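[1] Pasting the sequence and the predicted coordinates here, then a few questions.
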Amino acid sequence: MRRFMVIAIPIFTLVLFIFIMLSGYFLKNTQVENYDIPKQIQIIEKYINNEEWEEVSKETKKLEEIWQKIVARVQFSSERDEINAFTISLAILRGAIKAKDRSSALIELYEALEHWKDLGK
Amino acid sequence: MNEGLVVFVRSIIAFFSLLIFTRIIGKEQISQLTFFDYVLGISIGSIAASLTTDLSSGAWPHWVGLLTWAVLGYLMELITMKWRYAAKYLEGEPTIVIMNGKIMESALKKLKYRVSDILALLRNQGVFDVNQVDFAIIEPNGQISILKKPEYQINKDMNIQVPPSGISTELIYDGIIIDENSRQLNKDRAWLMDQLRKHKIKDPSEVFLATLNPAGDIYIDKYDDQIIKVTDIGDYKGPY
């Protein structure tokens, strides 16, 4: 039993560490209140294309809320630079929405999507 | 992102991973480490440090680096343990640097040791006069092992009194006379030349090292040691 514990504890510890370090990939795809980031980006894109700025603003706020929850989950396994880049993209998107600038909003939305894809890769 | 919390969690991962890996790699004491083991330890420690604080990249690539270094270290240990041929190449072998009281200059050159390094290692072992040494061997971990001349091996049971020798001073180092040291011992060049002639030496440039202890015993090592058969204590099959 003692020998089993001596071997099992380090193996269990290492497996747990590996899980924590790789968890970002799975956790970033989990849903927050039935929403996930790519789905939300799709919704925002649709409203931007129709230039429905009130809806865009509302959905972007929701995207930010979802992002804050996702960050808390993936921060242990993801790169700080990608997290910060996504946050900055959201800030620029907010500015583009305020200016009702369709092209800038779409550019930032796609940049955010790219950062999202690279997160925890 | 809560950076403090992330660093805290990554510290725990790095700390216990390092603990587990080092336990697997081996139980050697620090004093028994070869130079490569020492470098390996520093590298693994450095990777663990980046794993903890370098948040610009994920923990996983750092951890894979840590694991790879640890696995390679373990493999090296396994190879050197099972295969002596490889051990000779990977870990080195003991090298005789003083044989029959004579300093082996070629061995020192190969090891990249100066004679002053050897004298310092001898002093670390409590030998302050090279005259007392019959054999000295540099071990693969950089430490020196000494066999003293029989007259300096104290046998407590026989109650033999050994005359005190004191700290020896270098008179000639690498073929060059050190006049300052001679002056301190109230000796001049004429006395030194006379001593050299007694040892059938015509010129100080033939001498690799000459020391004098307070008891007046002079130690002279020539470049030409005239040792016909050099003992190789690590003489098992290897790549060289």
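    Structure received.
[2] So which residues on chain B come close to chain A?
    Contact residues, chain B versus chain A (Cβ under 8 Å from any Cβ of the partner chain): B:1-3, B:5-6, B:9-10, B:13, B:16-17, B:20, B:23, B:55-60, B:63. All C-beta atoms are positioned from the backbone trio N, CA, C, and that covers glycine.
[3] Show only the entries of those found in helices.
    Among those, the members found in helices (DSSP state H) are B:3, B:5-6, B:9-10, B:13, B:16-17, B:20, B:23, B:59-60, B:63.
[4] still on that earlier bit, please pick the buried ones from the residues of chain B next to chain A.
    Neighbour counting over these (16 or more other Cβ atoms under 10 Å in any protein chain shown) leaves B:M1, B:V6, B:V9, B:R10, B:I13, B:S17, B:I20, B:L55, B:G58, B:A59, B:W60, B:W63 as the buried ones.
[5] OK, contacts around the fifth one?
    Taking Cβ atoms under 8 Å, 6 or more residues apart in numbering or on different chains as the criterion, B:I13 is in contact with A:F17, A:I20, A:M21, B:L51, B:A59, B:W63.
[6] same deal with the third one?
    Under the criterion of Cβ under 8 Å, 6+ apart, the contact list for B:V9 reads A:I20, A:F76.
[7] Distance-wise, check it relative to B:W60.
    13 Å (Cβ to Cβ, to the nearest Å).
[8] got the end-to-end distance for stretch B:127-146?
    Using Cα to Cα, to the nearest Å, one end of stretch B:127-146 lies 9 Å from the other.
[9] and it, average pLDDT?
    Averaged over stretch B:127-146, pLDDT sits at 86.
[10] Pull out the buried residues from that stretch.
    Under the neighbour-count criterion of 16+ other Cβ under 10 Å, stretch B:127-146 has B:127-138, B:140-142, B:144, B:146 buried.
[11] Distance from the chain centre to it, please.
    Offset of stretch B:127-146 from its chain centre (Cα atoms, centre = their mean, to the nearest Å): 9 Å.
[12] And stretch A:67-80, by the same measure?
    7 Å.
[13] Helices of the chain, residue ranges please.
    As the question left the chain open, I've gone with chain A. Along chain A, the segments classed as helices by DSSP H run A:2-27, A:37-49, A:53-74, A:80-98, A:102-118.
[14] not what I meant, chain B
    Under DSSP H, chain B gives helices at B:3-25, B:35-53, B:59-82, B:84-90, B:105-111, B:115-124, B:179-184, B:189-198.
[15] residue ranges with poor pLDDT in chain A?
    A:32-34 (pLDDT under 70).
[16] which parts of it sit against chain B?
    Residues of chain A lying close to chain B (Cβ under 8 Å from any Cβ) are A:10, A:13-14, A:17-18, A:20-22, A:24, A:71, A:75-81, A:83-84, A:120.
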